[in-house]
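Q: Could you work out the structure for the sequence below:
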Amino acid sequence: YSYVLLNSRMRQPLWDGRAGWVFQPLDIDLMRQAAKSLLGEHDFSSFRSSQCQAKSPVRTMHALELNTSGSLVIVSLRANAFLHHMVRNIMGALVQIGQRREPVTYIEHLLQVCDRTQGAPTFSPDGLYLTGVRYPGYAFPSSDFHGFGLAPLG
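A: Residues are numbered from 1 along each chain as shown. Predicted coordinates for the structure are as follows:
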């Protein structure tokens, strides 16, 4: 998945519905530092929706990168699987850290307590994109996804 976040004092109409929006300045370095805690195998109960039907909350986060381009922050996540609202809940926690409302250790705390009620609010679906799917031992023909670009997901 990728999440596109607009970090700008003013809304930008061209990004409406296409990117999440935060008007307070974000400390991207703090967000990157906190994101490292998500790498590896963890119980992601603090980041799953109450409506999640997965049998197990244990997932392996293979990569999580934050990149900037002007006022955009692009968060790229790769895992063996995702829980319902997992990316949006991770974004909520990272934004809290970036706004300095929570300490950089907030992610570690959430992974330890395994309690969604202690997590940040679920962030906006605007800006959430499924950017690729891979299954071990199966190669999708390149034409399967050709021409579709990024498809917004909620």
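
Q: Which single helix of the chain contains the most residues?
A: Secondary structure assigned by DSSP state H gives helix 86-98 as the longest helix of the chain.

Q: Show me what that helix is in contact with.
A: Identification of contacts with helix 86-98 by Cβ atoms under 8 Å, 6 or more residues apart in numbering yields 1, 3, 5, 20, 22, 26-28, 30-31, 34-35, 38, 44, 46-49, 59, 64, 66, 75, 77, 102-104, 106-107, 110, 116, 119-125, 128. Using the backbone N, CA and C atoms, a C-beta is placed for each residue, glycine as well.

Q: before we move on, what about stretch 105-117?
A: Outside stretch 105-117, the residues that touch it by Cβ under 8 Å, 6+ apart are 34-35, 37-38, 42-50, 57, 89, 93-94, 96-97, 118-120.

Q: let's see it at 6 Å
A: 34, 37, 42, 43, 45, 46, 93, 97, 119 (Cβ atoms under 6 Å, 6 or more residues apart in numbering).

Q: Buried members of the residues you listed into ChimeraX, please.
A: Selecting only the buried entries of the contacts of stretch 105-117 in ChimeraX, with 16 or more other Cβ atoms under 10 Å as the criterion:
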select :34,37,42,45,46,93,97,119
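
Q: State the pair within the contacts of stretch 105-117 that is farthest apart.
A: 43 and 97 (19.9 Å; Cβ to Cβ).

Q: Tell me which helix or strand comes right after the longest helix of the chain.
A: Where DSSP states H and E defines the elements, the next helix or strand beyond helix 86-98 is helix 106-113.

Q: Please name the strands paired to the following helix or strand past that next one in the sheet, noting orientation.
A: Of the helices and strands lying after helix 106-113 in sequence (DSSP H and E), the nearest is strand 128-130. If you go by DSSP bridges, strand 128-130 pairs up with strand 2-7 (antiparallel), strand 151-152 (antiparallel).
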